[in-house]
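**Student:** I'd like to go over a predicted model; first the sequence, then the structure.
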Amino acid sequence: MAQNASVGLTGRPGWQRLWSDERTRGLIYQLLAVLGLALVVAFIVSNTIANLQRAGLASGFGFLFDQAFFDINQKLVEYSSTSTFGRALIVGMLNTVLVSAMGIVAATAIGFFAGVLRLSPNFLLSRIVGAYVEITRNVPLLLQIIFWWVVLSGLPKVRDSLALGDAVFLNNRGVRLPAPLFESGFEWVLAAALAGIAAAVYVARWARRRQQLTGQNFPVVWTGLALIVGLPALVYWIAGSPVAWDIPEPTRFNFRGGFNVTPELVALWIALSTYTGAFISEIVRAGILSVSKGQTEAAGALGLRPGQTMWLVVIPQAMRVVIPPLTSQYLNLTKNSSLAIAIGYQDLVSIGGTILNQSGQALEVVGIWMAVYLGLSLLTSLFMNWYNRRIALVER
Amino acid sequence: MKAILKGAFAAAAALLVAGAAHAATLDDIKKAGVLKCGINTGLPGFAYTDDNGKWTGFDVAYCRALSAAVFGDPDKVKYVNLTGKNRFPALASGEIDVLSRNTTWTFSRDVDLGFTFIGVAYYDGQGFIGRKAMGVKSAKELDGASVCIQTGTTTELNLADFFRVNKIKYEPVPIETNEEARKAYVAERCDVYTTDASGLAATKTTFAKPSDHMVFPEIISKEPLGPLVRQGDDQWADIARWTLNALINAEEYGVTAANVDKLAAKATDNPEVNRMLGTEGSLGAMLGLRKTWAVDAIKAEGNYAEIFERYLGTKTPLGLARGLNALYTNGGILYAPPMR
């Protein structure tokens, strides 16, 4: 083919011959486009640097090592006002990860339940779920976050806290729970828990293989539960209960001891998971409907009960349709968690904003924001793509 | 969220338009025909909307005086409402020409952030407000309390310092705007609210029963509040600085909104007044403005005392005494350099 073309074009000058070749021409166009893009980017970058220098603003990430001087109320790692800006950003990032992870778990559970119930033959049930989906899906998330925050601020004042056995206190400043204090010997309990999980996984695999070979059932759930819960509990008892509890006590203003789950975290969590859960339920519903009716009928003919049909036949096939859009919902949830700033939950954006204001390093902070969200999203996508490949239909 | 978006946009805008804003701010303002003045999102006494929906207050009065000095008309102002967080990117990017939003003059803001503070319009200090029912008499008794703060402010930093130095614990409850912080305090999400003492007085007036609340005696910081401009345009900084000084000097020399026209009609026997009002010398021309720049500035809302009494003084709901903000001749520390 290529030979033919060059034969047909002999006699013309070399550049013209090149130009007439579709592939070469395409390559030249693409080169020009890349060059143009690079020029625009280079212009923006150099212009920015020049103007920042003219404005007397130092650029660079050195400020991350400066002292922060401000406090944060929810910190998963050690932090105080004498820590650095960099550490404050890590605290903020972990708070973002925390609420996103909690949200993803809850939204998935809500979404699968609501998706299945929506298809329920029970009229009332399916309509109630339908109403939930339509309401949460069609009201802006920001309003829902503020709504839940306002609802939670209507909880009893701190001096009239609802107490549960003098150990758990609920008020409009959050839920105050007893905090576990681990003593020596607890590492054995932890080891037992890990061993229990490993054993349960092994039993599950063994039981599955046995069922495929012989058709015999094995009570996997009960054995697994006994291994995961029972084994550590036994070790806990043998080691002499190596956990003490730090029980919250009321003081003049708040409570001392224990740990506090702030209403900001709870409001954000509820709003994110119910909102995303509604979208996931629609995805699940579409996935279930995509499985042909013949599958359900065949399962029924084999004598499977409706529940078994759903979880063993329909859902596994629906998952192939569900996973890709589900990934998008997880990414959305993570990114939407940045709305936290509306109610003062100190996530990455909130703390970054404070740092931006105190240090004046606007471009750097915005850059860090984008990089962190991009990183989190890519990690989520990677994991979900791996899972998607794993459950993909193996065609023979 | 909005604040963050604005901040991000300002940063993006800085990318695209930076450069335009640096050279001659005065020319740009004259060309635009409007002064872009950054003010609070709403703080009684300092920046609030009146019954007609027009922005007014102590900080707004300065914008109007500056507009009058530049244009001879106090109404050529475009107000840009800014939170504690997005005010600096807005100024740095040229979204506003001057920031008059009870902003504390600090070393790092002046030096590191690349701004020029043009003077002190109000000497303030950070305090706490709490419920009388708590039975707390001093901020040092606040061990374990929840404290509402506006994020991105010096108060946030002072608060952390105060509790660290006094070795007491607290739970910070960070809030974006003064209004939301007020709501959180009213809902008892926090035990005390901290901000500048003037802001506390302003916020207290909005409570259902102001007498149930008390401002603690401790003032934990110096908060000299004043307008600021971008660094690098000294002419514009001079105009902003001397407009403020003219208002303070006008009080000292007894020039008011009512008598300024009469005093400016012909030279008086006070050369200082004559130079300020343009009947002697050429101060206006030195700034690149009209002869009557100060006359117009004073006519806008009156001299410093008139502005203070109208928006903050003892006859207003805020009921603030002049205190440190009295002239040096009356026991305060307000002292403007001479008009010479």
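**Tutor:** Yep, it's here.

**Student:** right, and the helix or strand after the strand or helix carrying residue A:294?
**Tutor:** Per DSSP states H and E: residue A:294 is located in helix A:293-301. As assigned by DSSP H and E, the chain's next helix or strand after helix A:293-301 is helix A:306-308.

**Student:** pLDDT averaged over that following helix - what is it?
**Tutor:** For helix A:306-308, the mean per-residue pLDDT is 86.

**Student:** just to revisit the earlier point, what sits up against the helix holding residue A:294?
**Tutor:** Identification of contacts with helix A:293-301 by CB atoms under 8 Å, 6 or more residues apart in numbering or on different chains yields A:308-309, A:312-314, A:317. C-betas here are computed from N, CA, C, even on glycine.

**Student:** in chain A, where is pLDDT below threshold?
**Tutor:** Scanning chain A for pLDDT under 70 picks out A:1-12, A:54-59, A:395-396.

**Student:** can you list the domain ranges for it.
**Tutor:** Following automatic domain parsing, chain A resolves into domains at A:2-54, A:85-178+A:247-391.

**Student:** can you show me the CA trace of stretch A:246-260 as CSV?
**Tutor:** Listed next in CSV are the C-alpha coordinates belonging to stretch A:246-260 (Å, rounded to 0.1, in the frame of the first residue of the first chain):
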residue,chain,number,x,y,z
ASP,A,246,-11.4,6.3,79.5
ILE,A,247,-14.9,7.3,80.5
PRO,A,248,-15.9,10.9,79.7
GLU,A,249,-16.8,13.0,82.8
PRO,A,250,-18.8,16.2,82.7
THR,A,251,-16.8,19.3,83.5
ARG,A,252,-17.8,23.0,83.8
PHE,A,253,-18.0,23.4,80.0
ASN,A,254,-17.7,20.1,78.2
PHE,A,255,-16.6,16.6,79.0
ARG,A,256,-13.2,15.5,80.0
GLY,A,257,-11.8,12.2,78.7
GLY,A,258,-13.1,9.8,76.0
PHE,A,259,-13.3,11.1,72.5
ASN,A,260,-15.7,13.3,70.7
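
**Student:** hmm, that stretch touching chain B?
**Tutor:** Yes. Using CB under 8 Å from any CB of the partner chain, stretch A:246-260 reaches chain B at A:251-254, A:256, A:260.

**Student:** sorry, back to before: just put the domains of chain A in CSV and tack on mean neighbour count.
**Tutor:** Listed next are the domains of chain A as CSV, based on neighbours: other CB atoms under 10 Å in any protein chain shown:
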stretch, mean neighbour count
domain A:2-54, 11
domain A:85-178+A:247-391, 18
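
**Student:** farthest-separated two in the residues of stretch A:246-260 next to chain B?
**Tutor:** Maximum pairwise distance in these, criterion CB to CB, is 16.2 Å, between A:252 and A:260.

**Student:** domain parsing for chain B?
**Tutor:** Annotated domains of chain B cover B:2-123+B:224-330, B:126-221 [automatic domain parsing].

**Student:** out of these, nearest to residue A:177?
**Tutor:** Across the domains of chain B, residue A:177 has its closest neighbour in domain B:126-221 (15.3 Å, CB to CB).

**Student:** run the chain-centre distance for that closest one.
**Tutor:** Remark: domain B:126-221 is offset 20 Å from the chain centroid, using CA atoms, centre = their mean, to the nearest Å.

**Student:** confirm residue B:129 sits in a strand?
**Tutor:** Yes. Residue B:129 sits within a strand when classified using DSSP: H, G, I helix; E, B strand; the rest coil.

**Student:** quick one, what contacts it?
**Tutor:** By CB under 8 Å, 6+ apart, the residues touching residue B:129 are B:185, B:192-194, B:200, B:203-204, B:213-216.

**Student:** make a ChimeraX selection of whichever of these turn out to be buried.
**Tutor:** Per 16 or more other CB atoms under 10 Å in any protein chain shown, the buried members of the contacts of residue B:129 correspond to this ChimeraX selection:
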select /B:185,192,193,194,200,203,204,213,214,216
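
**Student:** mind checking which of the contacts of residue B:129 land in strands?
**Tutor:** Among these, the members falling in strands (DSSP state E) are B:192-194, B:213-215.

**Student:** using CSV, list the CA coordinates for stretch A:268-284.
**Tutor:** Extracted C-alpha coordinates of stretch A:268-284, given in CSV (Å, rounded to 0.1, in the frame of the first residue of the first chain):
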residue,chain,number,x,y,z
LEU,A,268,-21.2,15.7,56.5
TRP,A,269,-21.2,11.9,56.7
ILE,A,270,-25.0,11.5,56.7
ALA,A,271,-25.4,14.0,53.9
LEU,A,272,-22.6,12.5,51.7
SER,A,273,-23.8,9.0,52.2
THR,A,274,-27.5,9.5,51.7
TYR,A,275,-26.9,11.7,48.7
THR,A,276,-24.5,9.4,47.0
GLY,A,277,-26.5,6.4,48.2
ALA,A,278,-29.4,7.6,46.1
PHE,A,279,-27.3,7.7,43.0
ILE,A,280,-25.8,4.3,43.7
SER,A,281,-29.3,2.8,44.3
GLU,A,282,-30.2,3.8,40.7
ILE,A,283,-27.0,2.3,39.4
VAL,A,284,-27.8,-0.9,41.3
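
**Student:** residues in contact with that stretch?
**Tutor:** Stretch A:268-284 has contacts (CB under 8 Å, 6+ apart) with A:99-100, A:102-104, A:106-116, A:118, A:129, A:132-133, A:136-137, A:141, A:144-145, A:147-148, A:318, A:322, A:325-326, A:329, A:332-333, A:336-337, A:339-340, A:343, A:345.

**Student:** does residue B:270 touch residue B:253 like I think?
**Tutor:** Yes. Contact criterion CB atoms under 8 Å: residue B:270 and residue B:253 qualify, at 6.2 Å.

**Student:** my guess is residue A:119 contacts residue A:129, does it?
**Tutor:** No. Residue A:119 is beyond contact range of residue A:129, at 9.2 Å (criterion: CB under 8 Å).

**Student:** what helix or strand is residue 188 on?
**Tutor:** As the question left the chain open, I've gone with chain A. Residue A:188 belongs to helix A:186-214, assigned by DSSP H and E.

**Student:** what helices or strands is that helix leaning on?
**Tutor:** Secondary-structure packing of helix A:186-214 (3 or more CB pairs under 8 Å, 6 or more residues apart in numbering or on different chains; DSSP states H and E): helix A:220-225, helix A:231-238.

**Student:** tell me which of those is the most buried.
**Tutor:** helix A:231-238 (a mean of 16; mean count of other CB atoms under 10 Å in any protein chain shown).

**Student:** quick check: what element follows it along the chain?
**Tutor:** Next along from helix A:231-238, by DSSP H and E: strand A:243-246.

**Student:** against chain B, which of the contacts of stretch A:268-284 make the cut? List them.
**Tutor:** Among those, the residues within reach of chain B (CB under 8 Å from any CB) are residue A:339.

**Student:** okay, and which of the contacts of stretch A:268-284 map to helices?
**Tutor:** Of these, the ones assigned to helices by DSSP state H are A:99-100, A:102-104, A:106-116, A:118, A:129, A:132-133, A:136-137, A:141, A:144-145, A:147-148, A:318, A:322, A:325-326, A:329, A:332-333, A:336.

**Student:** okay, now the nearest residue to residue B:163 once chain neighbours are set aside: neighbour count?
**Tutor:** Leaving aside its chain neighbours, residue B:163 sits nearest to residue B:170 (5.1 Å; criterion: CB to CB, 6 or more residues apart in numbering or on different chains). Around residue B:170 sit 24 other residues, with neighbours defined as other CB atoms under 10 Å in any protein chain shown.

**Student:** just residue B:61 next, same as before
**Tutor:** 25.

**Student:** so which strand or helix has it?
**Tutor:** Assigned by DSSP H and E, residue B:61 falls within helix B:58-71.

**Student:** tell me what that helix is packed against?
**Tutor:** Under the contact definition 3+ CB pairs under 8 Å, 6+ apart, helix B:58-71 sits against helix B:25-32, strand B:35-40, strand B:77-82, strand B:98-104, helix B:234-253, helix B:293-301, helix B:304-311.
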